[in-house]
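>>> Could you look at this predicted model? Sequence included:
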Amino acid sequence: MSYSNDYRKKILGIDVDLVSKEKALERFYEIMDKPGFDMIVTPNSEIIENATRDAELAQLISEAALIIPDGIGLVYASKILKYDLQERVTGIDFLTEILGYLEKTGKSIFLFGSKPENEEMKSVAELAGISMKEKFPNLNIAGTHHGYFKPEDEADIVKAINESGADFLCVALGSPKQEKFMKAHRDEFINVRAGIGVGGSLDVWAGTVKRAPEFYQKHGLEWLYRFVKQPSRWKRMLRLPVFMMKVLTSKK
Ligand code: UDP
């Protein structure tokens, strides 16, 4: 099933919801109030560009109940295409809003993804849960599972999510793995109302990866901060100008 909204537009032929944080939250509350499992995706320009070459990813993005514009590239693209998108809504900020809602409404979350435990450290998902509870003391964390599994483990992971009784699922496997996991199992979730793909957000909550300081966030320069911190990501950085060129060309 594909959703259509007046705020759902196409960038490079891929669906994106041009929503403010408030509008995205309104939609999120609706999703949580209705039965069945819905997918929430948080594409940035890199994911949109990947989707132009991955028909399965493009299709499942269009099937998401909410497609949050996560990234400054989508704000620039909207300016070029004369769409009305004033701000990006980052997956990590949106997740924080979701945690506040879940705490207030007494609903629970399952944290799935990121590195497993080792001798020195609990799993990233467990550490993220601990730090979420510091900020949201009444948050109900129904369970956690790391994100390094074999395809044959998936059925057990879905079972664990269902048995935890979680109302909401946070999937941090990176893209497109997290989106494909949600799509593959969407009909198997019993109680879970929705899931969101959040990339590296559990690492940030766990403190294993630092988020860019506010200055960089405010000026849409998180990519620059990441580049300085993790120069090995330079190839990924080059994808923003490539994306912008494609959007400019698509307009002509
Ligand atoms: N990850 C995972 N399983 C995998 C591959 C990645 O759980 O098979 C996790 C990884 O540990 C990290 C997240 O997925 O926490 C991906 O982070 P990244 O910053 O690459 O995501 P992005 O938001 O850039 O897509």
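That came through fine.

>>> Provide the count of other residues in contact range of residue 180.
For residue 180, the neighbour count with other Cβ atoms under 10 Å is 16. Every residue, glycine included, has its C-beta placed from N, CA and C.

>>> Does it belong to a helix, a strand or coil?
Classification of residue 180 using DSSP: H, G, I helix; E, B strand; the rest coil returns helix.

>>> How much space separates it from residue 120?
31 Å (Cβ to Cβ, to the nearest Å).

>>> go on, residue 152?
Using Cβ to Cβ, residue 152 is found at 28 Å from residue 120.

>>> Could you tell me which residues make contact with the closest residue to residue 84 other than its chain neighbours?
Nearest residue to residue 84 in three dimensions, chain neighbours excluded: residue 18, at 6.2 Å (Cβ to Cβ, 6 or more residues apart in numbering). Counting by Cβ atoms under 8 Å, 6 or more residues apart in numbering, residue 18 makes contact with 7, 8, 9, 69, 78, 83, 84, 85.

>>> Would you check that the fifth one makes contact with residue 85?
Yes: taking Cβ atoms under 8 Å as the contact criterion, residue 78 and residue 85 are neighbours in contact, 3.7 Å apart.

>>> Report the separation between the residue nearest to residue 84 and the ligand.
21 Å (Cβ to the nearest ligand atom, to the nearest Å).

>>> going forward, begin numbering at 55 instead of 1
Got it, first residue is 55 now, which makes that one residue 72.

>>> so after the longest helix seen in the chain, what's the next helix or strand?
Ranked by number of residues, the top helix in the chain under DSSP state H is helix 145-159. Counting by DSSP states H and E, the next helix or strand C-terminal to helix 145-159 is strand 162-167.

>>> relative orientation of the helix or strand that that next one is followed by and helix 145-159 in degrees?
Going down the chain from strand 162-167, the next helix or strand is helix 178-189, by DSSP H and E. In terms of direction (axes from the mean of the first three to the mean of the last three Cα atoms, to 10 degrees), helix 178-189 departs from helix 145-159 by 60 degrees.

>>> buried stuff in helix 178-189?
Residues 178, 179, 180, 181, 182, 183, 186 are the ones in helix 178-189 that count as buried (16 or more other Cβ atoms under 10 Å).

>>> Looking at these, which is nearest residue 157?
Closest approach to residue 157 among the buried residues of helix 178-189 (Cβ to Cβ): residue 186, at 9.1 Å.

>>> you'd agree residue 148 is up against residue 96?
Yes: in this structure, residue 148 is within contact of residue 96 by Cβ under 8 Å, at 6.9 Å.

>>> near the ligand, which residues of the chain show up?
167-169, 201-202, 226-229, 231, 253-254, 256-257 (Cβ under 6 Å from any ligand atom).

>>> are any of those buried, and which?
Using 16+ other Cβ under 10 Å, the buried ones in these are 167, 168, 169, 201, 226, 227, 229, 253, 254, 256, 257.

>>> how about the closest residue to the first one other than its chain neighbours, phi and psi?
To tie it back to what came earlier, the one meant is residue 167. With sequence-adjacent residues excluded and distances taken as Cβ to Cβ, 6+ apart, residue 167 is closest to residue 226, at 3.1 Å. Recorded main-chain torsions at residue 226 are phi -120, psi 70, according to degrees, to the nearest 10.
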